[in-house]
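Enquirer: take this sequence and fold it.
(chains A and B)
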2 protein chains.
Amino acid sequence: MESIRVDKLNEYLKEALQYKIDHKTKPVGSLGYLEELAVQIGMIQSTLVPELKNPVMLTIASDHNICEERVSPCPVEITWQQVLNFLEGGGGIGLFCEVYGMQLKVVDAGVNHDFPDHPNLIKSKVRKGSRNFLNEPAMTMDECNESINNGRKIVADINVNGSNLVGFGEMGIGNTSPASALMSIICDIPIEICVGAGSGLDKNGIKHKTNILRSAILKHGISDNPIENLSRFGGLEIACIAGGMLEAASRKMIILVDGFITTSAALVAYSINPNVRAFMFFAHKSDEGGHSLMLDYLKARPILNLGLRLGEGTGAAMAYSILQGAVAMLNRMTSFDEAKVHDTTHIRID
Amino acid sequence: MESIRVDKLNEYLKEALQYKIDHKTKPVGSLGYLEELAVQIGMIQSTLVPELKNPVMLTIASDHNICEERVSPCPVEITWQQVLNFLEGGGGIGLFCEVYGMQLKVVDAGVNHDFPDHPNLIKSKVRKGSRNFLNEPAMTMDECNESINNGRKIVADINVNGSNLVGFGEMGIGNTSPASALMSIICDIPIEICVGAGSGLDKNGIKHKTNILRSAILKHGISDNPIENLSRFGGLEIACIAGGMLEAASRKMIILVDGFITTSAALVAYSINPNVRAFMFFAHKSDEGGHSLMLDYLKARPILNLGLRLGEGTGAAMAYSILQGAVAMLNRMTSFDEAKVHDTTHIRID
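Expert: Have a look, this model is predicted:
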């Protein structure tokens, strides 16, 4: 990929945003984390009156030939079946985008299926599934960069078309395997701590999956180059998401990160350019074991904690409703002056 | 108050609801707590296809003459000023009800102010502020029962008018004091653990508030009758909320409980009739110190954890958006059959 410039946030605005919030008709600090979310959004948009415009959910799908090693209990056909389901408004994300008011675009980054055209399907297939990375790198560097660049182009297009908020979700049977491997490498955490049940492995299945991933990491080794590691152990959707996140940050868009797999892409984007972190909002703490350690690594406080582990972007769609509250508070909640309420801004909790 | 009948939930339906959820196009259990919320709503409404109809937020306001003892750093005029602010769509709850799609009704249960008529103001003033309970019971038993019955009548009216979901919030400078006292008595937790900073007390202020509450409890003593305790240490809004919750449960309505003060009213309602608990949803874990212990006592898992401590119903309005997701999932998320996706219901996490 070409190098990408991501500006740091305008720290100067932080104080002005907090001042504005502190003069709302409420005790200072009493909206807790919602205030921090509002400040971050204001800083991203460099304004005291931010807006959430035309929010888009990108659910990016791909297959994983590591499934040949029986790392998932699910039939791989579910990936393409679910893509069609989402496009018809079904599944978790098709429904939640409607309920929470986001536009859904499903991206085929590498599904093992030929899809008919559909207005909400973005065709960015690099190949039918990443390779079985127990035997060979999951992608060539060219394939990996192609998927990163596809993600960049998709996000550039939705931004040009008027969106300033992009949620990322994913679909891909087997994709907790690349996500766990990337987590282990980027966060420097032993692989057995990074592996969870995925879509329903039992204890023996988890042990087997751990062994497969450990063997693969030993075989290919760990590079200093994050894109090399991504090509060895990643997935086409993870590469596409990481590229999309970098592009979004370079365009000062709000990035809403869903669960375990999407956060592994956030780890990749962060290792490529740490400035991307400031544009990210972490929707929820997933029930997939390693997710909370990923969040710790990124110093991220999740917005929701509902024990979700579905992926697709479902947690991100729900968390979008909380960001709407944060922005409404910043823009529209009355100040003491406006409301003729006795000013209590001098009262601060010790 | 007259005794009130609250039916237990239909446990028979639980399995059928979970069966329906388990056949949605997702791994079994992968929507975590959202699934539990959906099951509880289905059980409350005794149906596999529940609906959230005309949700109403009751923000119930009252004054507290315990403020004469300097238990709050805020001027007491803020109570009536905020009532007017809410009625104009201002403040946190005026705004959040609009953002999250709930109808706001503000109830004057005992504010020290004469309000003009307003279509969204329900006038249920029992007296101008509860008494200074350091010196005398906060309410006579008649006053206390009157406010309980007012809450019952208000909820009965909104139910008759087509609502099956009621959120409870409150406004009342000084009302963390009665809430802490009631918590201490009902949960049998030492008063110093139940007292927090409220709207902004410093450490000395918290110590002083604790001493005042301890003296009051020693003076009046603890009764076996929950309504006696409510009359001694409560507030008119807390009584009104507790009555409203009991009425809501008797009508099989969904009860959305906001923060610290509203949960103290839930404790009162629960001590009067424990069957009410099954109809309650706890919107969030407040940053007010004692709240998490209240939730533990009620075996409640909060929906959100955003460090809110504003009250008014703000957390409940935000959590309503999560309940909408739960109900949409139960009613409208596709099943494996409908979506032609390979059934994975046999795969269960060990």
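Enquirer: wasn't residue A:162 part of a strand?
Expert: No - the assignment for residue A:162 by DSSP: H, G, I helix; E, B strand; the rest coil gives coil, which leaves it out of any strand.
Enquirer: I figured it hits residue A:51, correct?
Expert: No - using Cβ atoms under 8 Å, residue A:162 is not in contact with residue A:51, being 11.0 Å away. Every C-beta, even on glycine, is put in place using the N, C-alpha and C of the backbone.
Enquirer: between the two, point out the one with more neighbours.
Expert: Between residue A:162 and residue A:51, counted using other Cβ atoms under 10 Å in any protein chain shown, residue A:51 has the larger neighbour count: 12 against 9.
Enquirer: mind checking the SS state of the more buried one?
Expert: Applying three-state DSSP to residue A:51 yields a three-state assignment of coil.
Enquirer: tell me the contacts of the nearest residue in space to residue A:198 that is not next to it in sequence?
Expert: Nearest residue to residue A:198, sequence neighbours excluded (Cβ to Cβ, 6 or more residues apart in numbering or on different chains): residue A:176, at 4.0 Å. When contacts are counted by Cβ atoms under 8 Å, 6 or more residues apart in numbering or on different chains, residue A:176 is found next to A:71-72, A:195-196, A:198-199, A:260-261, A:288.
Enquirer: quickly note the distance from residue A:176 to chain B.
Expert: Distance, residue A:176 to chain B, by Cβ to the nearest Cβ, to the nearest Å: 11 Å.
Enquirer: do the same with residue A:70
Expert: As it turns out, when the distance is counted by Cβ to the nearest Cβ, residue A:70 lies 13 Å from chain B.
Enquirer: so residue A:235 touches residue A:181, yeah?
Expert: No - under the contact definition of Cβ under 8 Å, residue A:235 does not touch residue A:181, with a separation of 9.9 Å.
Enquirer: for these two, indicate the residue with more neighbours.
Expert: Neighbour totals were compared for residue A:235 and residue A:181, and residue A:235 leads with 37 against 29 (other Cβ under 10 Å).
Enquirer: so residue A:132 touches residue A:66, yeah?
Expert: Yes - with the criterion set as Cβ under 8 Å, residue A:132 and residue A:66 qualify as a contacting pair; they are 5.3 Å apart.
Enquirer: more crowded one of those two?
Expert: With neighbours defined as other Cβ under 10 Å, residue A:132 and residue A:66 compare such that residue A:66 has more, 28 against 18.
Enquirer: contacting residues around that one?
Expert: A:130, A:132-134, A:138, A:174, A:177-178, A:212, A:216.
Enquirer: narrow the residues you listed to those in helices?
Expert: Members of the contacts of residue A:66 lying in helices (criterion: DSSP state H): A:177-178, A:212, A:216.
Enquirer: could I get those residues as JSON lines with pLDDT and neighbour count?
Expert: Conversion of these to JSON lines gives the following (pLDDT from 0 to 100; neighbours: other Cβ atoms under 10 Å in any protein chain shown):
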{"residue": "A:177", "pLDDT": "97", "neighbour count": "28"}
{"residue": "A:178", "pLDDT": "98", "neighbour count": "31"}
{"residue": "A:212", "pLDDT": "98", "neighbour count": "21"}
{"residue": "A:216", "pLDDT": "98", "neighbour count": "24"}
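Enquirer: look up the closest residue to residue A:37, ignoring the ones flanking it.
Expert: Spatially, and ignoring its direct neighbours in sequence, residue A:37 is nearest to residue A:326 (4.1 Å; Cβ to Cβ, 6+ apart).
Enquirer: give me the angle between the host helix or strand of the one you found and helix B:314-332.
Expert: Residue A:326 is part of helix A:314-332, with elements assigned from DSSP states H and E. Between the direction of helix A:314-332 and that of helix B:314-332, the angle (axes from the mean of the first three to the mean of the last three Cα atoms, to 10 degrees) works out to 140 degrees.
Enquirer: can you give me the mean pLDDT across helix A:314-332?
Expert: The pLDDT scores in helix A:314-332 average 98.
Enquirer: next secondary structure element downstream of it?
Expert: Note on helix A:314-332: by DSSP H and E, the next helix or strand toward the C-terminus is helix A:336-339.
Enquirer: determine which two of the contacts of residue A:66 are furthest apart.
Expert: By the measure Cβ to Cβ, those have their two most distant members at A:130 and A:212, which lie 14.4 Å apart.
Enquirer: enumerate every residue touching residue A:175.
Expert: With Cβ under 8 Å, 6+ apart, residue A:175 has these contacts: A:62, A:64, A:235, A:237-238, A:261.
Enquirer: now check stretch A:75-84, is it near chain B?
Expert: Yes - Stretch A:75-84 comes into contact with chain B when judged by Cβ under 8 Å from any Cβ of the partner chain, the residues involved being A:75, A:77-78, A:81-82, A:84.
Enquirer: in that stretch, what's buried?
Expert: Of all the residues in stretch A:75-84, those buried under the rule 16 or more other Cβ atoms under 10 Å in any protein chain shown are A:76, A:78-84.
Enquirer: farthest-separated two in those?
Expert: Taking every pair in the buried residues of stretch A:75-84 and measuring Cβ to Cβ, the maximum separation is 14.6 Å, between A:76 and A:84.
Enquirer: burial count for the residue in the stretch 1-150 of chain A that chain B sits nearest to?
Expert: Scanning the stretch 1-150 of chain A for proximity to chain B using Cβ to the nearest Cβ identifies residue A:32 as nearest, at 2.7 Å. Neighbour count for residue A:32, taken as other Cβ under 10 Å: 19.
Enquirer: thought it was touching residue B:305?
Expert: No - with contact defined as Cβ under 8 Å, residue A:32 does not reach residue B:305; the gap is 9.1 Å.
Enquirer: quick one, helices of the stretch 201-350 of chain A?
Expert: Remark: helices assigned in the stretch 201-350 of chain A by DSSP state H, counting those that start in this stretch are A:203-220, A:226-233, A:236-250, A:260-272, A:291-297, A:314-332, A:336-339.
Enquirer: which residues of the stretch 51-200 of chain A lie near chain B?
Expert: Within the stretch 51-200 of chain A, the positions lying close to chain B (Cβ under 8 Å from any Cβ) are A:73-75, A:77-78, A:81-82, A:84-85, A:88, A:90-92, A:94-96, A:99-100, A:197, A:199-200.
Enquirer: can we see that at 6 Å?
Expert: Residues of the stretch 51-200 of chain A that fall close to chain B, judged by Cβ under 6 Å from any Cβ of the partner chain: A:73-75, A:77-78, A:81-82, A:85, A:90-92, A:95, A:99, A:197, A:199-200.
Enquirer: list the ones among these that fall in helices.
Expert: Per DSSP H, the subset of those in helices is A:77-78, A:81-82, A:85, A:91-92, A:95, A:99.
Enquirer: what residues does stretch A:155-170 touch?
Expert: With contacts defined as Cβ atoms under 6 Å, 6 or more residues apart in numbering or on different chains, stretch A:155-170 is touched by A:52-60, A:93, A:237, A:241, A:244, A:247-248, A:251, A:253-254, A:256, A:258, A:261-262, A:311-313, A:316.
Enquirer: what about whichever residue of the stretch 251-350 of chain A sits closest to chain B, neighbour count?
Expert: Closest to chain B within the stretch 251-350 of chain A is residue A:307: 2.7 Å, counting by Cβ to the nearest Cβ. The burial count assigned to residue A:307 is 18, neighbours taken as other Cβ under 10 Å.
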